[in-house]
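With the input below, show me the fold.
(one chain, ligands or ions: 1)
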Amino acid sequence: MLHEVVNPATEEVVARVERTSADGVDAAIGRARAAFPAWAAVAPGDRARLLRRFAAAVDADLEHLATLEVTNAGHTISNARWEAGNARDVLDYYSGAPERLFGRQIPVADGIDLTFREPLGVVGVIVPWNFPMPIAAWGLAPALAAGNTVVLKPAELTPLTALRLGELALEAGLPADVFQVVTGQGSVVGQRLVDHPDVRKIVFTGSTEVGRSVMVGAAASMTRLTLELGGKSANIVFADADLERAAATAPYAVFDNAGQDCCARSRILVERSVHDRFLSLLEPAVAGVRVGDPRLDDTEMGPLISAAHRDSVAAYVPEGAPVAFRGTTPIGPGFWYPPTVLAPVAAGDRAFVEEIFGPIVIVVPFADEADAVRIANDSPYGLSGSIWTENLGRALRVARGVEAGNLSVNSHSSVRYWTPFGGFKQSGLGRELGPDALDAFTDVKNVFIST
Ligand code: NDP
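Predicted coordinates:
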């Protein structure tokens, strides 16, 4: 059976992709399992070389990959180029890991104690539709570097760049079945990866709701898990901040990728004394966000991923909602939704509480530092956030007080492949990226040798 892939900027069908059955998934897992011993036995330097070649193949194909993502996901071309470059960089970064997969020698009585970092076996990587290339790379690159084989399931809405990455891996010389891409539905392909006893680890990125069911499914075989889930991140602006810069950058911290970003700063908390001034600075910044044809170099925001998702986003702004101001969208086909600022919003409102995953932000006043931390933490999520202040001591106090995995001061940066990334509370479990990522793709084996 085939699934139609739609360009969200034009609503045209751009490809038809296989809906793999549960039996098809089992077959892929079987091949990955068969390929594992030989891949794990590849000398570390050779595994490193193959990953570097894979990175080089991605680099050589960067413009093509970026164009595919524009067509499939409606990402702006400048974002899509960054995303393909990120996949390349992550492969490059973890190509340094096979030769640094050190064990330890631990002092013990009557002998020698050694530890080894052993690969797990078959790793299933389940990817959402919002950042198909980077999120695939964050799972597959360290998994392969550690000597595991990988079965990757892209979201059904956005399979095209994942399929291309599979081809590039083969072109780069990775042995067959070491990295496979299996397309199809989450309820079939994703679920089978979670349930299959030969899959030793699942890297899941997606909604908290599905993440919870993945966790339940993984319990049956004690499958190891990394979960990267939802967010409702706070962007906290103190009165002493560079307000002009905070306001000029705030739209991009939430409307980038049309707000379909787990790290979107979708709650702007502003110290009450500068709240009105901040809003007056934010208004022109929001009006200035260039929404339109994602193929153009200067476009800053594209469409939402699907008509169904646009309906779900629009439901957060019912008739009579407190729209302070909003940006524009093109007219014609495409799943467009304008950048929208809601204020004032009541604390119990759905827009206040839930992850919208679209270009809607709420602006909320706070009284003082303690109040800011309280509001920021008043969420089941804890993925990321920003703190704007010129007071370094306060920046550090608030950063330590906010329950989130990734915080930035006077910046909106969230993800750097050389630092750990992941969530507190219901935003996830475990960490991706950074120098320790291979811990999650190996088990430590302890061997005592009696002397
Ligand atoms: P979903 O949770 O719906 O889907 C994520 C992936 O899981 C998709 O590939 C989906 O397949 C698959 N899936 C669906 N059902 C199952 C199942 N029963 N078992 C196994 N896999 C399944 O999330 P979205 O795709 O809607 O992505 C948006 C969400 O992801 C947001 O909540 C966002 O916050 C979160 N996210 C978190 C990130 C983080 O790093 N913390 C990064 C990016 C997104 P299919 O879609 O093909 O059905």
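
and the helix or strand harbouring G385, what does it pack onto?
Following DSSP states H and E, one finds G385 within strand 384-388. With contacts taken as 3 or more CB pairs under 8 Å, 6 or more residues apart in numbering; DSSP states H and E, strand 384-388 sits against strand 234-237, helix 243-255, helix 392-401, strand 406-409. Glycine gets a C-beta too; all of them are placed from N, C-alpha and C.

Which among these is found nearest to A22?
strand 406-409 (35.8 Å; CB to CB).

still on that earlier bit, and the helices and strands packed on strand 384-388, which is most packed in?
By mean neighbour count, with neighbours taken as mean count of other CB atoms under 10 Å, strand 234-237 ranks first of these at a mean of 28.

That one: partners in the sheet, and parallel or antiparallel?
strand 267-271 (parallel), strand 384-388 (parallel) (DSSP bridges).

Reformat these as a markdown table; add distance to E99, mean neighbour count and mean pLDDT.
Shown next, in a markdown table, are those (distance: least, CB to CB, whole Å; neighbours: other CB atoms under 10 Å; pLDDT from 0 to 100):
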| stretch | distance to E99 | mean neighbour count | mean pLDDT |
| --- | --- | --- | --- |
| strand 267-271 | 43 | 26 | 98 |
| strand 384-388 | 32 | 29 | 98 |
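
Could you dump the ones you listed into CSV with distance to G327 added?
What follows is these, written out as CSV (distance: least, CB to CB, whole Å):
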stretch, distance to G327
strand 267-271, 15
strand 384-388, 21
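
what sits opposite the closest residue to Q105 other than its chain neighbours in the beta ladder?
Nearest residue to Q105, sequence neighbours excluded (CB to CB, 6 or more residues apart in numbering): L114, at 5.8 Å. Counting by DSSP bridges, L114 is bridged to Q105, V447.

any idea how far L114 is from P37?
For L114, the distance to P37 (CB to CB, to the nearest Å) stands at 21 Å.

who touches M133 in this structure?
M133 sits next to L65, E69, E83, A84, N86, A87, T161, A162, L165 when contact means CB atoms under 8 Å, 6 or more residues apart in numbering.

Give me the number of neighbouring residues for the fifth one.
The tally of other residues near N86 (other CB atoms under 10 Å) stands at 20.

Angles on the backbone of the residue of the stretch 201-350 of the chain found nearest the ligand, please.
Nearest residue of the stretch 201-350 of the chain to the ligand, counting by CB to the nearest ligand atom: G206, 2.6 Å away. Backbone torsions of G206, given as degrees, to the nearest 10, read phi 170, psi -150.

which residues does A367 contact?
The contact partners of A367, by CB under 8 Å, 6+ apart, come to E271, R272.

change it to 10 Å
Going by CB atoms under 10 Å, 6 or more residues apart in numbering, A367 touches E271, R272, S273, R374, I375.

hang on, the earlier thing: could you dump the strands paired with strand 234-237 to CSV with distance to the ligand?
Compiled in CSV, the strands paired with strand 234-237 are given as follows (distance: least, CB to the nearest ligand atom, whole Å):
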stretch, distance to the ligand
strand 267-271, 14
strand 384-388, 9
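
you'd agree the residue nearest to Q105 is up against P107?
No: in this structure, L114 is not within contact of P107 by CB atoms under 10 Å, at 11.5 Å.

Who has more neighbours out of those two?
L114 (14 against 6).

just so I have it, where are all the helices in the stretch 351-451 of the chain?
Secondary structure of the stretch 351-451 of the chain (DSSP state H, counting those that start in this stretch): helices at 369-377, 392-401.

okay if I get these as CSV plus mean pLDDT and distance to V363?
Below are the helices of the stretch 351-451 of the chain laid out as CSV (pLDDT from 0 to 100; distance: least, CB to CB, whole Å):
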stretch, mean pLDDT, distance to V363
helix 369-377, 98, 12
helix 392-401, 98, 18
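
Rebuild these as TSV, extending it with distance to Y316.
Shown next, in TSV, are the helices of the stretch 351-451 of the chain (distance: least, CB to CB, whole Å):
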stretch	distance to Y316
helix 369-377	19
helix 392-401	27
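
And those helices: which comes nearest Y94?
Ranking those by proximity to Y94 (CB to CB) places helix 392-401 first, at 27.8 Å.

Just give the closest residue to P119, not the sequence neighbours.
Excluding its sequence neighbours, the residue lying closest to P119 (CB to CB, 6+ apart) is G147, at 3.5 Å.

now V274
With sequence-adjacent residues excluded and distances taken as CB to CB, 6+ apart, V274 is closest to A239, at 4.6 Å.

which helix of the chain spans the most residues?
In the chain, assigned by DSSP state H, the helix with the most residues is helix 22-41.

Which residues of the stretch 101-250 of the chain lie near the ligand?
Residues of the stretch 101-250 of the chain lying close to the ligand by CB under 6 Å from any ligand atom are 126-131, 135, 153, 155-156, 185-187, 190-191, 194, 205-207, 210, 213-214, 228-231.

now with 5 Å?
Residues of the stretch 101-250 of the chain lying close to the ligand (CB under 5 Å from any ligand atom) are 126, 128-130, 155-156, 186, 190-191, 205-207, 210, 228, 230.

Narrow these to those that are buried.
Buried subset of these (neighbour count, 16 or more other CB atoms under 10 Å): 126, 128-130, 155-156, 186, 190-191, 205-206, 210, 228, 230.

Now secondary structure and pLDDT too, for these, in JSON lines please.
JSON lines is the format used below for these (DSSP: H, G, I helix; E, B strand; the rest coil; pLDDT from 0 to 100):
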{"residue": "I126", "secondary structure": "strand", "pLDDT": "98"}
{"residue": "P128", "secondary structure": "coil", "pLDDT": "98"}
{"residue": "W129", "secondary structure": "coil", "pLDDT": "98"}
{"residue": "N130", "secondary structure": "coil", "pLDDT": "98"}
{"residue": "A155", "secondary structure": "coil", "pLDDT": "98"}
{"residue": "E156", "secondary structure": "coil", "pLDDT": "98"}
{"residue": "G186", "secondary structure": "helix", "pLDDT": "98"}
{"residue": "G190", "secondary structure": "helix", "pLDDT": "98"}
{"residue": "Q191", "secondary structure": "helix", "pLDDT": "98"}
{"residue": "T205", "secondary structure": "strand", "pLDDT": "98"}
{"residue": "G206", "secondary structure": "coil", "pLDDT": "98"}
{"residue": "V210", "secondary structure": "helix", "pLDDT": "98"}
{"residue": "E228", "secondary structure": "strand", "pLDDT": "98"}
{"residue": "G230", "secondary structure": "coil", "pLDDT": "96"}
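
Going by secondary structure, the residue positioned nearest the centre of the chain is in what exactly?
In the chain, the centroid-proximal residue (CA atoms, centre = their mean) is I135; its distance is 5.0 Å. If you go by DSSP H and E, I135 is part of helix 132-145.

Figure out the length between the terminal residues of stretch 169-182.
14 Å (CA to CA, to the nearest Å).

please begin residue numbering at 23 from this point
Sure, I'll start numbering at 23, so the last one becomes stretch 191-204.

Give the buried residues for that stretch.
Going by 16+ other CB under 10 Å, stretch 191-204 has these buried residues: A191, A194, L196, D199, V200, F201, Q202, V203, V204.
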